[in-house]
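A.B. asks: can you look at this prediction? I've put the sequence above it.
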Amino acid sequence: MRHHILHVFTVLAVLLAGPVLAQGTGIALSPVEIDGSQPVEVTADNLTVEQDSNTATFEGNARVVQGELILAANKIKVQYNAEQSAIETVTATSNVMFTNGTEVAEAQNGVYKVGSGTVDLTGDVVLVQGVNAISGDKLSLDLKTNRGTMSGNVKTVFVPKTDP
C-alpha cells in the first residue's frame, strides 16, 4: 500500500505542483487532545509475554489504540513500567501505520513513548495530510504540541487549491 501511495503522489507532483525539496521540514499537525489517562488497547493474532523484562510482543495484525491515536504494524512490542501498571513504550516494526484521526503516516519502524506523547517513525516514511504528502527517512512527532519534523531525503508535494 505504501508504494501505491508513493506512486499516486509522485504522479500528482509531476502533473499538478512539482515537488518542493528540503533536508528538514517542520510539520504542523491537526490538534488532537492527548489524554494519557485513557486506556491503551492492544490487539493482535498472537501474544508473547516476558514477565522478567516487563514486555509483551504482539504479532500479526497488531494494533494499539489510545483515544484517536492508532499505531498498527506486523509486530508491536510493548514495554511496561516496573510495576507493570502502565505502558511506557510501544515499538512497532514492519508495515507501520500511525494516525491521529486526521493525518496518516506509514513507515517501516515506529516508537511511541506514551508518557512524553512522542512518536518517531523511520524507514520510507510517508505522511499524508489531506491532499498533501511529505516523505523522508524519519518523522518525529510531538503529539502534545501538535508539531513534527521530517528529516533525511525530504520530499513534499503540495496540491494548490483551485478556485471554483
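C.D. replies: Cool, the structure landed.

A.B. asks: off-centre distance for stretch 64-83?
C.D. replies: 12 Å (CA atoms, centre = their mean, to the nearest Å).

A.B. asks: residue 66 - nearest residue in space that isn't next to it in sequence?
C.D. replies: residue 40 (4.7 Å; CB to CB, 6 or more residues apart in numbering). Every C-beta, even on glycine, is put in place using the N, C-alpha and C of the backbone.

A.B. asks: give me the number of residues near residue 108?
C.D. replies: By other CB atoms under 10 Å, the residues close to residue 108 number 16.

A.B. asks: neighbouring strands - and their directions - for the strand or helix carrying it?
C.D. replies: If you go by DSSP states H and E, residue 108 is part of strand 104-113. Strand 104-113 pairs in its sheet with strand 87-99 (antiparallel), strand 118-129 (antiparallel), by DSSP bridges.

A.B. asks: and these as CSV, adding mean pLDDT?
C.D. replies: Shown next, in CSV, are those (pLDDT from 0 to 100):
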stretch, mean pLDDT
strand 87-99, 93
strand 118-129, 93
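
A.B. asks: redo the ones you listed as JSON lines? Include mean neighbour count and distance to residue 80.
C.D. replies: Shown next, in JSON lines, are those (neighbours: other CB atoms under 10 Å; distance: least, CB to CB, whole Å):
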{"stretch": "strand 87-99", "mean neighbour count": "20", "distance to residue 80": "6"}
{"stretch": "strand 118-129", "mean neighbour count": "20", "distance to residue 80": "18"}
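
A.B. asks: mind putting those into JSON lines with distance to residue 81?
C.D. replies: Converted to JSON lines, the strands paired with strand 104-113 look like this (distance: least, CB to CB, whole Å):
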{"stretch": "strand 87-99", "distance to residue 81": "5"}
{"stretch": "strand 118-129", "distance to residue 81": "17"}
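
A.B. asks: which among those is found nearest to residue 66?
C.D. replies: strand 87-99 (8.8 Å; CB to CB).

A.B. asks: list the contacts of the closest one.
C.D. replies: Identification of contacts with strand 87-99 by CB atoms under 8 Å, 6 or more residues apart in numbering yields 2, 40, 62, 64, 68-81, 104-115, 119, 121, 141.

A.B. asks: give me the most central residue, this protein.
C.D. replies: Note on the chain: the residue nearest the mean C-alpha position is residue 98, at 3.3 Å, using CA atoms, centre = their mean.
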